[in-house]
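> I'll drop the sequence and a predicted model, then ask my questions.
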Amino acid sequence: MLLFIRHGERADMVDNPDERKKVLLKFDPPLTEKGEYQARITGQRLRKELEEFTKQKQIAIEDLSINFISSPFLRCIQTAAILMKEIPNNSNLYIQDEIGELMYSHSFKQNILMQLHINTLQHPILKNDYIDGILITREKFIKTKLIQPIYPEEQDQCQLRVGKFLSELLTHMKSLQNKNNTIYICVTHQGVVSLTLKIQNVKSPYQVGHCGLSSFILEDNGLIKNYYKGESIWY
């Protein structure tokens, strides 16, 4: 099973001045309290979904190998860390720039990847590589050569890099002997989740709320089936 999840609510997009005070880098805002809540409830619901999945496949949830991969932006790392606390069998959080925010010129004035909190350790939760027992590893989960974010990006360039990442993950999943025992959870942005759905020819791929989830399940016949389609499950 392959999951793409959008981050929770971001602190620079709300009117609450206390939340806005949390923003140390305007291009890399953290989650709001509501965003943290959204991630926590999503994690709890997702654990139930995984328990149901293991029952259908007649495997124990303890036997699952769950791999978390995050965009390098702070709000995604925070969302992933909160999800990981609710879901068993994980400890390493991999960072992949390839599923980072879409680098449109109307969103950024320059390429800011190297200035993010994860690369400068400017945010308190990233002062060391552990977040309550979670290891943020700089080693990429997908090590093959992928298309890197550039600035400025156009829509087709974004789709190419997201598509290549998705293709590599699906290829990796298909190569496994115990396909049902391995789960990939990618925490990223609205645009990236939407592009994964568009690439898989899902109708109306652009309606992805906070902590919106899309999932791709590899059927026993080798076909990819969409289950969730950008849906928020934290309510």
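Arrived safely, thanks for sending.

> mind showing which ranges of the chain have poor pLDDT?
127-130 (pLDDT under 70).

> that one: strands as residue ranges?
2-6, 65-70, 92-95, 130-131, 134-137, 182-188, 212-218, 224-232 (DSSP state E).

> output the contacting helices and strands for the first one.
Under the contact definition 3 or more C-beta pairs under 8 Å, 6 or more residues apart in numbering; DSSP states H and E, strand 2-6 sits against helix 155-175, strand 182-188, helix 190-199, strand 212-218. To be clear about C-beta, it is placed using only N, CA and C from the backbone, and glycine gets the same treatment.

> could you rerun that using 6 Å?
strand 182-188, helix 190-199, strand 212-218 (3 or more C-beta pairs under 6 Å, 6 or more residues apart in numbering; DSSP states H and E).

> give me the neighbour count for the closest residue to residue 65 other than its chain neighbours.
Leaving aside its sequence neighbours, residue 65 sits nearest to residue 182 (C-beta to C-beta, 6 or more residues apart in numbering; 4.8 Å). The tally of other residues near residue 182 (other C-beta atoms under 10 Å) stands at 17.

> gap between residue 182 and residue 135?
Separation of residue 182 from residue 135 (C-beta to C-beta, to the nearest Å) stands at 19 Å.

> do residue 19 as well
If you go by C-beta to C-beta, the gap between residue 19 and residue 135 works out to 28 Å.

> mind checking which of these two has more residues around it?
residue 19 (21 against 13).

> isn't that one right next to residue 32, touching?
Yes. With contact defined as C-beta atoms under 6 Å, residue 19 reaches residue 32; the gap is 4.7 Å.

> quickly list what's touching both of the two.
Common contacts of residue 19 and residue 32 (C-beta atoms under 6 Å, 6 or more residues apart in numbering): residue 11.
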